[in-house]
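J.: how would this look folded up:
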Amino acid sequence: MEQAIAAGTMNGDGLQAQGLQRLLALAERFRAGTLEPAVFAALYFFHWQIATHGDAFAARRSKSDPRPDAAAWAARLGADATADRLLDLLERYQYRCVRPGVPVALAEWLRSRWPLELELRIPTPEAVLRAQARGTRPVTVICDYPRMLRPVLHKSNAFAFFLHDLEHAYKFFHLPALHAAQRAFFAAMLALVASGALARYRTDALFAAKLDYVMSDMNTHPEHGRQYLRAILVEHCRRREAKDATERLSPAAEREIEGIMQALRAHEMRAIAPASGERACAAG
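T.: Next up, the predicted model:
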């Protein structure tokens, strides 16, 4: 396979063949246990970015810094992959087509400030929900060829999905108060799902897909999550009762939805209480 890549016959998706070869070698090092997860993730970011954009992969923030050179960076990153070196590059440069939260998330992961979990396979929505309920979030790094070049869920390839995960990590962690609120909400969602309260609704494929979105792809203020859950419950009941958006649901359906929302709020209050106690003990 390496010979085919070097010959340019297997470089796919606009990647430079040499960059793809570096990514495959990087994955072998990680599987051999010679790289920490955060270092592996940062190197994965740099090598994909360089392989995708060439010399246009980055821009300096300060004119006192040297202009980024793709070939020089790729060679140096292969030999100088310390966390400090990676942090320096993440903070002194900005990266083409990459949202600002991505380098921040990688930097905080390298500093061990944000407890991200590296996954080599796409976790289920339930697994993401469990992770968020305990205060962390998975970041998926797909490094199998040719899978890494193919669409991953709603993203064009493995790198796009990786960036998407890091964007969510930033939204989950960057504000401590919002992080605590999200964690309580996800703990409440986890308890609600585990109780079986949503089991009958999940037989509706459309509802199930939108519930997966709430559980694994919505890092925002919890009130948005609550309102979204209510909205998809209303949509489900309208389909079940064959009513359009102008017609009112039956009183039974309205009670049903309110019962679920009350259960969610109760679970959320129970999740908030222990966290408040932990902060009080820490302050004391």
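J.: Please, where are all the strands along the stretch 51-200 of the chain?
T.: Along the stretch 51-200 of the chain, the segments classed as strands by DSSP state E, counting those that start in this stretch run 58-60, 93-95, 116-119, 137-140.
J.: Output the contacting helices and strands for the last one.
T.: If I follow you right, that is strand 137-140. Under the contact criterion of 3 or more Cβ pairs under 8 Å, 6 or more residues apart in numbering; DSSP states H and E, strand 137-140 touches strand 116-119, helix 125-133, helix 158-173. The C-beta positions use only the backbone N, C-alpha and C, and glycine is treated the same way.
J.: Which pLDDT value belongs to the residue lying closest to Arg183 once chain neighbours are set aside?
T.: The shortest distance from Arg183 to any non-neighbouring residue, by Cβ to Cβ, 6 or more residues apart in numbering, is to Gly135 (5.1 Å). pLDDT recorded at Gly135 is 97.
J.: Look up how far Ala187 lies from Gly135.
T.: According to Cβ to Cβ, to the nearest Å, Gly135 stands 9 Å off from Ala187.
J.: For Gln45, list the residues it contacts.
T.: Not quite, residue 45 is Phe, not Gln. Phe45 is in contact with 102, 106, 162, counting by Cβ atoms under 8 Å, 6 or more residues apart in numbering.
J.: how far away is Arg137 from Arg150?
T.: Distance from Arg137 to Arg150, by Cβ to Cβ: 24 Å.
J.: Looking at those two, which one has more neighbours?
T.: Arg137 (26 against 12; other Cβ atoms under 10 Å).
J.: number of nearby residues for the residue nearest to Arg183?
T.: What Gly135 shows, counting by other Cβ under 10 Å, is a neighbour count of 17.
J.: hang on, isn't it packed against Ala181?
T.: No - using Cβ atoms under 8 Å, Gly135 and Ala181 do not qualify as a contacting pair, with a distance of 11.9 Å.
J.: With adjacent residues omitted, what lies nearest to Val139?
T.: Nearest one to Val139, counting by Cβ to Cβ, 6+ apart, is Asp165 at 4.5 Å.
J.: roughly how far apart are the one you found and Arg22?
T.: In terms of Cβ to Cβ, Asp165 sits 21 Å off from Arg22.
J.: Could you list the domains of this protein?
T.: Here the domain assignment for the chain is 2-174, 177-283, based on automatic domain parsing.
J.: Mind listing what's buried along stretch 197-210?
T.: 198, 201, 204, 207, 210 (16 or more other Cβ atoms under 10 Å).
J.: Quick check: the fourth one is in a helix.
T.: Just to be clear, that refers to Phe207. Yes - Phe207: assigned to a helix according to DSSP: H, G, I helix; E, B strand; the rest coil.
J.: Pull the number of nearby residues for Met269.
T.: 11.
J.: For stretch 237-251, buried residues please.
T.: 237-238, 249.
J.: Output stretch 118-126 as PDB, restricted to C-alpha atoms.
T.: The C-alpha coordinates for stretch 118-126 follow below in PDB (Å, rounded to 0.1, in the frame of the first residue of the first chain):
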ATOM      1  CA  LEU A 118      -9.500   9.800  22.200                       C
ATOM      2  CA  GLU A 119     -11.600   7.300  20.200                       C
ATOM      3  CA  LEU A 120     -10.400   5.400  17.100                       C
ATOM      4  CA  ARG A 121     -14.000   4.400  16.200                       C
ATOM      5  CA  ILE A 122     -17.200   6.500  16.200                       C
ATOM      6  CA  PRO A 123     -18.900   6.200  19.600                       C
ATOM      7  CA  THR A 124     -22.600   5.700  19.700                       C
ATOM      8  CA  PRO A 125     -24.800   8.600  20.800                       C
ATOM      9  CA  GLU A 126     -25.400   6.900  24.100                       C
END
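J.: mind listing what's buried in that stretch?
T.: For stretch 118-126, a neighbour-count test (16+ other Cβ under 10 Å) marks 118-119, 122-123, 125 as buried.
J.: can you redo those as TSV with pLDDT and distance to Ile260?
T.: What follows is those, written out as TSV (pLDDT from 0 to 100; distance: Cβ to Cβ, whole Å):
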residue	pLDDT	distance to Ile260
Leu118	98	34
Glu119	97	30
Ile122	96	28
Pro123	97	25
Pro125	97	18
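J.: Format those as JSON lines; extra columns: distance to Asp88.
T.: As requested, the buried residues of stretch 118-126 are exported to JSON lines (distance: Cβ to Cβ, whole Å):
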{"residue": "Leu118", "distance to Asp88": "22"}
{"residue": "Glu119", "distance to Asp88": "27"}
{"residue": "Ile122", "distance to Asp88": "31"}
{"residue": "Pro123", "distance to Asp88": "31"}
{"residue": "Pro125", "distance to Asp88": "36"}
